[in-house]
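> Using only what follows, build the 3D model:
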Amino acid sequence: MRRDLFEVFQSSHSPRASETLSRRRYSAVFIADELGDCLFCGLYENMGSQRRASDELRRLPEVVEINQNFAVPCDFGEEYPRWFDLRLTQYLTEYCERLVIAPLLTPVYIRHAENLNAQVVALHRHSILDAALGDWRTINLSGPEVRGLGPAAQAQLREWRGIYHILHHPSGQRYVGSAYGQNNLLGRWQTHVARDHGAAVRLAELNPADFVFSILERVSPDMLPEDVIALEMSWINRLHTREFGLNT
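Next up is the predicted model:
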């Protein structure tokens with residue numbers, strides 16, 4: 001699933017749904033299929049909303065892509081719709097893209113959790129939307145997304161070694177690390193979202209939900225550890241992440 005497009009799509013809702021959403025701190029987000037069953041896609045925190053011009057929103061690259069390539073377009077319905085800042089949390093990530101429910105009442109677009117009264121239809125072994133990560137140069141994964149990676153994406157990161165970058169979004173501070181040996185990038189990223197002090201003390205003091213992971217450079221799978229570490233030091237020096245970031 002293109003999580004970036006999905007999150008842009010759910011940033012705007014009808015006036016009535018927007019009123020309901022604005023009064024709730026958290027929203028459990030689902031995708032409905034043609035039978036009315038709903039796949040859980042994450043628990044999102046509502047960080048607030050603002051009124052934005054619909055003409056401006058239609059020019060956003062993600063909105064343009066959605067409207068050109070998908071059957072359900074972004075339809076803003078009013079001149080200045082509310083645009084929500086909904087952020088994926090780390091809660092219930094183990095069920096993301098695996099849990100399928102069937103609301104027992106008539107399906108509606110938005111419903112209070114206390115009135116949901118849903119049956120569990122299935123809990124799949126793996127994400128049913130699981131997909132490979134694609135080009136490593138374009139990867140930007142949040143902490144919750146790293147926690148919820150499916151088998152295909154995990155297998156890729158397990159094979160890749162190299163130099164990676166973590167952005168702490170609220171502060172703008174950055175961390176550069178290296179991954180080699182068992183589990184490669186997957187192992188390192190999983191230790192960071194688990195707040196392992198042995199991996200990086202300053203990172204472990206921060207909320208992993210605020211991290212954005214990317215890859216600076218991939219290297220040969222048989223590159224010697226000392227050569228990978230030398231590359232890591234080169235990136236740290238060039239990006240000044242000791243003086244102005246989270247490296248120690």
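
> Report the distance from stretch 37-56 to the chain centre.
Stretch 37-56 has its C-alpha centroid displaced from the chain centroid by 14 Å (CA atoms, centre = their mean, to the nearest Å).

> buried ones in that stretch?
Buried residues in stretch 37-56, counting neighbours by 16 or more other CB atoms under 10 Å, are found at 37, 38, 39, 40, 41, 42, 43, 44, 46, 49, 52, 54. The way it works is simple: take the backbone N, C-alpha and C, and place the C-beta from them, glycine included.

> Show me which pair in these is furthest apart.
Maximum pairwise distance in the buried residues of stretch 37-56, criterion CB to CB, is 33.0 Å, between 37 and 52.

> Compile the buried residues of stretch 37-56 into a markdown table and extend it with columns for pLDDT and secondary structure.
Shown next, in a markdown table, are the buried residues of stretch 37-56 (pLDDT from 0 to 100; DSSP: H, G, I helix; E, B strand; the rest coil):
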| residue | pLDDT | secondary structure |
| --- | --- | --- |
| 37 | 86 | coil |
| 38 | 90 | strand |
| 39 | 92 | strand |
| 40 | 94 | strand |
| 41 | 93 | strand |
| 42 | 94 | strand |
| 43 | 95 | strand |
| 44 | 96 | strand |
| 46 | 96 | strand |
| 49 | 95 | strand |
| 52 | 94 | coil |
| 54 | 93 | helix |
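
> what's across from residue 168 in the sheet?
Per DSSP bridges, the residues bridged to residue 168 are residue 173, residue 211.

> surely it meets residue 206?
Yes. With contacts counted by CB atoms under 8 Å, residue 168 reaches residue 206, the gap being 5.7 Å.

> hmm, who's touching the longest helix along the chain?
Looking across the chain with DSSP state H, the single longest helix is helix 225-239. Helix 225-239 has contacts (CB atoms under 8 Å, 6 or more residues apart in numbering) with 161-163, 165, 174, 176-181, 216-217, 219, 242, 245, 247.

> can you give me the helices for this protein?
Going by DSSP H, the chain shows helices at 3-9, 15-22, 54-58, 61-69, 143-147, 151-159, 184-193, 201-204, 225-239.

> what comes up buried for the longest one?
The neighbour-count criterion (16+ other CB under 10 Å) identifies 228, 231, 232, 235, 236, 239 as the buried residues of helix 225-239.
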